[in-house]
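**Q** can't give you the sequence, but here's the structure:
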């Protein structure tokens, strides 16, 4: 456990490892994973400011009946942090709406009057040397008394900074910023076309609520395609072992790499043998973390007896944006409105009892 840094009014800034806390990390996909990038000067470091975050409950691992005792943010693993002093206060509350139905008006993002959880006080925000990624260091704001979380509502935090020792200007304080975790990979190899090219399939990250793009290259020109989607890369139709050699149907050197749960008519390739397919993904958070497997077939009359060729297989894991709504303004702590952004994702820790 790293040292505690305590201000003159007794506010503890907790910088400690995940394992030493009864805590929940938002978003959960980044609990043990470095974020996509860093945010250097908005939260805590935005000069005189008012910053509000709304965390959607589907991604919040606070148990029913939890009482939040502190919240804070993770150091970006690729940056060191210089220590500063701020004067601030903090509020917490709830709402019951997705980020698309929130507002740039602070008060409209609470279901009821927010609770003052940290009275105005001075705080030493700590300095940290460059740390491994992900960093074990968090800058924690300890509540004056526990705040009861009302499940399954979204949790809202708001920090108002009145002064800092940087002349009330913004300063660089890199905190870890999450995006989404939706890894993709490929396996196996396509079989040779009549033009001696090898067909390939390359999907991009499948993010829920967004369009999923799949790129096809190396096929015969001006040829129709079929896209297979499957839930397995080890069993075909629940019985046959994958990869399954397609020589038996007149496609020597070709293999089926994924199950055939869904078949979609794909695009016709260009004259150079390329194509792309775009699929709109539902915003169904039950899919987060689940894997899908895909492969493409295409016609090529002179490639083999069946007149068909196949691509490699591809694996993709569904991910989602952090779904954090942010309202923020520099230069004022009492403005009614601020700039408004969706999908902000500072890696946030909530300690609770």
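**A** Arrived safely, thanks for sending. These numbers were taken from a predicted model, which means no experiment stands behind them. Residues are numbered from 1 along each chain as shown.

**Q** Enumerate every residue touching the closest residue to residue 97 other than its chain neighbours.
**A** Closest residue in space to residue 97, ignoring its immediate chain neighbours: residue 154 at 7.3 Å, by CB to CB, 6 or more residues apart in numbering. For the C-beta atoms, the positions are set from N, CA and C on the backbone; glycine is no exception. Residue 154 makes contacts with 54-57, 60, 94-97, as judged by CB atoms under 8 Å, 6 or more residues apart in numbering.

**Q** Each with direction, which strands does whichever strand or helix holds residue 295 pair with?
**A** Element membership of residue 295, judged by DSSP states H and E, is strand 291-299. Strands that pair with strand 291-299, judged by DSSP bridges, come out as strand 225-230 (antiparallel), strand 308-317 (antiparallel).

**Q** Strand partners (parallel or antiparallel) of the helix or strand just after the last one?
**A** Per DSSP H and E, strand 308-317 leads on to strand 324-330 as the next helix or strand towards the C-terminus. The pairing partners recorded for strand 324-330 under DSSP bridges are strand 49-55 (antiparallel), strand 339-341 (antiparallel).

**Q** And stretch 127-138, how far out from the chain middle?
**A** 20 Å (CA atoms, centre = their mean, to the nearest Å).

**Q** What is the end-to-end distance of it?
**A** The straight-line separation of the ends of stretch 127-138 (CA to CA, to the nearest Å) is 11 Å.

**Q** what does stretch 247-259 give?
**A** Terminal residues of stretch 247-259 are spaced 17 Å apart (CA to CA).

**Q** List the buried residues in that stretch.
**A** Buried residues in stretch 247-259, counted by 16 or more other CB atoms under 10 Å: 251, 254-259.

**Q** swap in stretch 197-204?
**A** Under 16+ other CB under 10 Å, the buried positions of stretch 197-204 are 197, 199-201, 203-204.

**Q** which residues are in contact with it?
**A** Residues from elsewhere that reach stretch 197-204 (CB under 8 Å, 6+ apart): 184, 186, 189-193, 212-219, 273, 294-296, 298, 309-314, 316.

**Q** Tell me the gap between that stretch and the middle of its chain.
**A** The chain centre lies 26 Å from the centre of stretch 197-204; the measure is CA atoms, centre = their mean.

**Q** Same question for stretch 328-348.
**A** 19 Å.

**Q** Redo the strands paired with strand 291-299 as CSV? Include distance to residue 42 and mean pLDDT.
**A** Putting those into CSV (distance: least, CB to CB, whole Å; pLDDT from 0 to 100) gives the following:
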stretch, distance to residue 42, mean pLDDT
strand 225-230, 40, 98
strand 308-317, 29, 98
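
**Q** out of these, nearest to residue 126?
**A** Of all the strands paired with strand 291-299, the one in closest proximity to residue 126, counting by CB to CB, is strand 308-317 (35.0 Å).

**Q** mind listing what residue 108 touches?
**A** residue 102.

**Q** Just the buried ones from the contacts of residue 154?
**A** 54-57, 60, 94-95, 97.

**Q** and of these, the nearest to residue 225?
**A** residue 56 (36.9 Å).

**Q** Once you drop chain neighbours, what's closest to the closest one?
**A** In this structure, residue 56 finds its nearest non-sequential neighbour in residue 323, 4.1 Å apart by CB to CB, 6+ apart.

**Q** repeat for residue 273
**A** Per CB to CB, 6+ apart, closest to residue 273 is residue 219, 4.4 Å.

**Q** Can you verify my assumption that residue 122 contacts residue 89?
**A** No: counting by CB atoms under 8 Å, residue 122 does not reach residue 89; the two are 11.0 Å apart.

**Q** Mind jotting down where the strands sit in the stretch 151-300 of the chain?
**A** For the stretch 151-300 of the chain, strands defined by DSSP state E, counting those that start in this stretch occupy the ranges 154-164, 175-177, 184-187, 200-203, 211-217, 225-230, 235-236, 240-241, 244-245, 255-256, 262-265, 275-280, 291-299.

**Q** Please identify the most buried of those.
**A** Among the strands of the stretch 151-300 of the chain, the stretch with the highest mean neighbour count (mean count of other CB atoms under 10 Å) is strand 175-177, at a mean of 25.

**Q** and that one, what does it pack onto?
**A** Contacts defined by 3 or more CB pairs under 8 Å, 6 or more residues apart in numbering; DSSP states H and E place strand 175-177 against strand 37-39, strand 67-74.

**Q** starting at the chain centroid, how far to the longest one?
**A** Going back to what we said before, that points to strand 67-74. Taking CA atoms, centre = their mean, the mean C-alpha location of strand 67-74 is offset from the chain mean by 19 Å.

**Q** Redo the strands paired with strand 291-299 as CSV? Include distance to residue 333.
**A** Output for the strands paired with strand 291-299, formatted as CSV (distance: least, CB to CB, whole Å):
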stretch, distance to residue 333
strand 225-230, 51
strand 308-317, 41
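
**Q** Any stretches of this protein with poor pLDDT?
**A** Counting by pLDDT under 70, the chain shows low-confidence ranges at 1-21.
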